[in-house]
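Engineer: Whatever this is, show me its structure:
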Amino acid sequence: MSRNLVGTGRGIGTALGVALALCLVAPAHAAPVDPAGAPEGSISVEVLAANGSGCAPGTARVVAQPDGSGFRIRYFDFVASAGGGTDPAASRRNCQLGVLVTVPAGWTFAVATADYRGRAAVPAGAAGLQRTNYYWQGSSDSSRTEETFDGPYHGLWSTRDAAPVLSYLPCGQQRVLNINTELRVDAGTSAGITTMSMTSTDADIDTLFNLAWQRC
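Structural biologist: Numbers count the residues shown, from 1 in each chain. Next up, the predicted model:
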C-alpha cells in the first residue's frame, strides 16, 4: 500500500494495512491481458444497497469512468467528528455499499488498485482512522486496509492499495462488490473539534476503483 498525505501539520500515524488480494480466480482458459486496455463499449455501475451512518439514502453515488478504466464513489455526507460538544455517536461513521458492475460481452475484469481520498482536521492530542474492507458477494475472503492519523494534521489525504495478483471474475458472471468504509476520530487531550471526512465537496475527494481488463 502506498499513500500520499497532503496538508499542513505533522505526526501522521504509521500506516497499517494489508495489500489487496481478491479471492476469485480467473478460469483456466482465460486469455492474456488485452493490450488494448479497456474494452470498446460502455460499462455501467450501480449502487444496489447502501447502509450505515455515513451514507443515508441518496448520499452515495457511483460513476463509471468515461474511458472504462474503473469507477468512482462519491459520498455527500460522510464525516466523523469528536470534541467541542459534538454528539458522541458522531465519532464513528461507516458506509457499506453493494456495487454491481456490468461489462460488455466477452470481457471480464479484476480490481487492480483502489484510491481513497478525503480531508482531515486532527489537532494535537487527537487521532483519526480510516478503514476500508471489500469483498465479492459469496466469498469468505476480504481485503482490509487501515490508515491512522495522529495530530496535528490538517489537510487532504490520499492512499492507494494495489493488488499483488490480478484475480479476474469468472467470465459471464456478475457478482456484487461489497465495500465497507469506516471513519473514526478520538478527540483525546485536544480542546478543539476533530474531523475525518470523505465528503465530495470537490473533485479532489472521492474513492476510485481502477480495473484491469481481460478478454474471455
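Engineer: show me where pLDDT drops low in this protein?
Structural biologist: Applying pLDDT under 70 to the chain picks out residues 1-36, 41, 139-143, 202-203.
Engineer: Quick check: what element follows the lengthiest strand in it along the chain?
Structural biologist: Longest strand of the chain, by residue count under DSSP state E: strand 107-122. Counting by DSSP states H and E, the element after strand 107-122 in chain order, helix or strand, is strand 127-136.
Engineer: Neighbouring strands - and their directions - for that following strand?
Structural biologist: strand 143-150 (antiparallel), strand 177-186 (antiparallel) (DSSP bridges).
Engineer: Can you say which of these is nearest to Leu97?
Structural biologist: strand 177-186 (4.8 Å; C-beta to C-beta). Bear in mind the C-beta positions are built from the backbone N, C-alpha and C, glycine included.
Engineer: Give me the angle between the closest one and strand 107-122.
Structural biologist: 10 degrees (axes from the mean of the first three to the mean of the last three C-alpha atoms, to 10 degrees).
Engineer: mind checking how far strand 177-186 is from the chain centre?
Structural biologist: Distance, stretch centre to chain centre, for strand 177-186: 8 Å (C-alpha atoms, centre = their mean, to the nearest Å).
Engineer: Please pull up the helix or strand immediately following it.
Structural biologist: Following strand 177-186 in sequence order, the next helix or strand is strand 194-197 (DSSP H and E).
Engineer: and that next one, what does it pack onto?
Structural biologist: Counting contacts by 3 or more C-beta pairs under 8 Å, 6 or more residues apart in numbering; DSSP states H and E, strand 194-197 packs against strand 79-82, strand 107-122, strand 127-136, strand 177-186.
Engineer: for the longest one, packing partners?
Structural biologist: Helices and strands touching strand 107-122, by 3+ C-beta pairs under 8 Å, 6+ apart, are strand 127-136, strand 143-150, strand 153-162, strand 177-186, strand 194-197, strand 207-215.
Engineer: okay, those strands, which one's buried deepest?
Structural biologist: strand 194-197 (a mean of 26; mean count of other C-beta atoms under 10 Å).
Engineer: Pull the residues that contact that strand.
Structural biologist: With contacts defined as C-beta atoms under 8 Å, 6 or more residues apart in numbering, strand 194-197 is touched by 78-83, 118-123, 126-130, 149, 151, 183-188, 205.
Engineer: Could you measure from Pro164 over to Ala112?
Structural biologist: As defined by C-beta to C-beta, to the nearest Å, Pro164 lies at a distance of 11 Å from Ala112.
Engineer: Neighbour count for the two, which is higher?
Structural biologist: Comparing Pro164 with Ala112 by neighbour count (other C-beta atoms under 10 Å), the higher total belongs to Ala112, at 18 against 8.
Engineer: Once you drop chain neighbours, what's closest to the more buried one?
Structural biologist: Spatial nearest neighbour of Ala112, excluding adjacent residues (C-beta to C-beta, 6 or more residues apart in numbering): Ala212 at 4.2 Å.
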